[in-house]
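Enquirer: My questions are about this predicted structure, shown below with the sequence.
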Amino acid sequence: MKIAVYPGSFDPMTYGHLDIVARAAAVFDRVVFAVLVNPRKSAPIFPTDVRLAVIREAVDECCPPEVSARIDVESFDGLTVDFCRKRGAKFVVRGLRAISDFESELQMAHSNRKLDPEVDTVFFMTSVENSYLSSSLVKEIANFRGDVTQMVPPAVARRLAARGPSL
Ligand code: PNS
């Protein structure tokens, strides 16, 4: 069975992430959406448990049942390759939006391969309509109460809208 791990902060998940995971699910038998518990970035907009619940909801709502059934949603802390080993995954999936993503992704793919030569990274080019999207952009717009409904799945938009008035 070919298992792939799709790691990231997903804070919050966007339509870009949903597109990548659905396309990865067409290639691999199982894809694990792996939510990093402690991202290096700024304070998360959603705690880990909410990110997990929202991703599960979005996948179930937006993907056909036969696709959603092959996507797991889990959290991890530590190295991506250690999580891959734990899940029996030999592949890491990442999306590439633009050439500017390439350098850091290349570095990460090589580092992961040094750490575990059995784990290879497979890149999917982000669909053109999602190529401008990033979680940090969505986070900023959402923090100013802007409309992000074209950028994130409804489950994410609902959860953002349900936040209290404080930023
Ligand atoms: O959502 P992001 O920030 O693009 O995801 C980055 C992520 C989570 C894939 C990366 O930071 C990561 O793999 N973190 C886990 C720690 C690790 O394995 N570091 C070495 C990889 S270079």
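Expert: Perfect, thanks for sending it. Residues are numbered from 1 along each chain as shown.
Enquirer: Residues touching the longest helix along the chain, excluding its own?
Expert: Scanning the chain for the helix with the most residues, using DSSP state H, yields helix 99-115. Residues outside helix 99-115 that contact it (C-beta atoms under 8 Å, 6 or more residues apart in numbering): Leu79, Thr80, Val81, Val92, Arg94, Gly95, Leu96, Val119, Asp120, Thr121, Phe123. Where you see a C-beta, it was placed from the backbone N, CA and C, and this is true even at glycine.
Enquirer: pLDDT score assigned to the nearest residue to Val67 once chain neighbours are set aside?
Expert: Spatial nearest neighbour of Val67, chain neighbours left out: Ala25 (5.0 Å); criterion: C-beta to C-beta, 6 or more residues apart in numbering. Each residue has a pLDDT score; the one for Ala25 is 98.
Enquirer: what's the model's confidence in the longest helix of the chain, averaged?
Expert: 97.
Enquirer: By neighbour count, which bits of it are buried? Give me those.
Expert: Neighbour counts over helix 99-115 (16 or more other C-beta atoms under 10 Å) mark Asp101, Glu105, Ala109, Asn112 as buried.
Enquirer: go on, stretch 59-75?
Expert: For stretch 59-75, the neighbour count (16+ other C-beta under 10 Å) marks Val59, Cys62, Cys63, Val67, Ser68, Arg70, Ile71, Asp72, Val73 as buried.
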